[in-house]
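[1] One predicted model, sequence on top.
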Amino acid sequence: MTDRDPLHVRGMATRRRVLGDAHVERAVANTTDLDAGFQALITRTAWGDLWSRPQLSPRDRSLITLALLAALGHDEEVAMHIRATANTGATWEEVAEAFLHVAVYAGVPAANRAFKIAKRVYAEMGVAAATPHGKATETPA
């Protein structure tokens, strides 16, 4: 990885905008010789090229990514990208709609798992929609 490679520079900027500085700093700090090439690849291709393209908004890319990850059963990535919705502008209502599509086009078990992850992550984020109906909730400040 080099700071002189335009795709890497753009990729790191986009990655930080979507996932947040803390997540990216952890990923960089945990990079070893074993996965350095992989980290360079995803920074350049996923973030520097794909996520940086102007044809879709970060919100739209976020929803597409969540649906694909849920359909494929990539639970940790689903959780990470749900947290990223705070930066991409995708609302919990839109995420729920994406997971309904997963149910129809990829299967109910995949959507059920994705909804469980979303409820856990949104609860951690303090999003009231993750509170069971009929239970009191405090609105986060």
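    Nice, I can see it.
[2] going forward, measure contacts and count neighbours with C-alpha atoms only.
    Will do.
[3] quick one: the helix or strand containing A110 to chain centroid distance?
    A110 belongs to helix 108-125 when assigned by DSSP states H and E. Computed by CA atoms, centre = their mean, to the nearest Å, the chain-centroid distance of helix 108-125 equals 13 Å.
[4] Check the contact between R44 and R15; I expect there is one.
    No - counting by CA atoms under 8 Å, R44 sits too far from R15 to count as a contact (10.0 Å).
[5] So the most centrally placed residue in the chain: helix, strand or coil?
    The chain has H81 as the residue nearest its centroid, 1.3 Å off, counting by CA atoms, centre = their mean. Assigned by DSSP: H, G, I helix; E, B strand; the rest coil, the conformation of H81 is helix.
[6] how close does the closest residue in space to it that isn't next to it in sequence get to R83?
    Spatial nearest neighbour of H81, excluding adjacent residues (CA to CA, 6 or more residues apart in numbering): L66 at 6.5 Å. Applying CA to CA, to the nearest Å, one obtains 11 Å for the distance of L66 from R83.
[7] More neighbours: which of those two?
    L66 (26 against 19; other CA atoms under 10 Å).
[8] Quick one: distance of stretch 52-68 to the chain centre.
    Counting by CA atoms, centre = their mean, stretch 52-68 comes out at 10 Å from the chain centroid.
[9] Check the average confidence over it, would you?
    Taken as a whole, stretch 52-68 has a mean pLDDT of 98.
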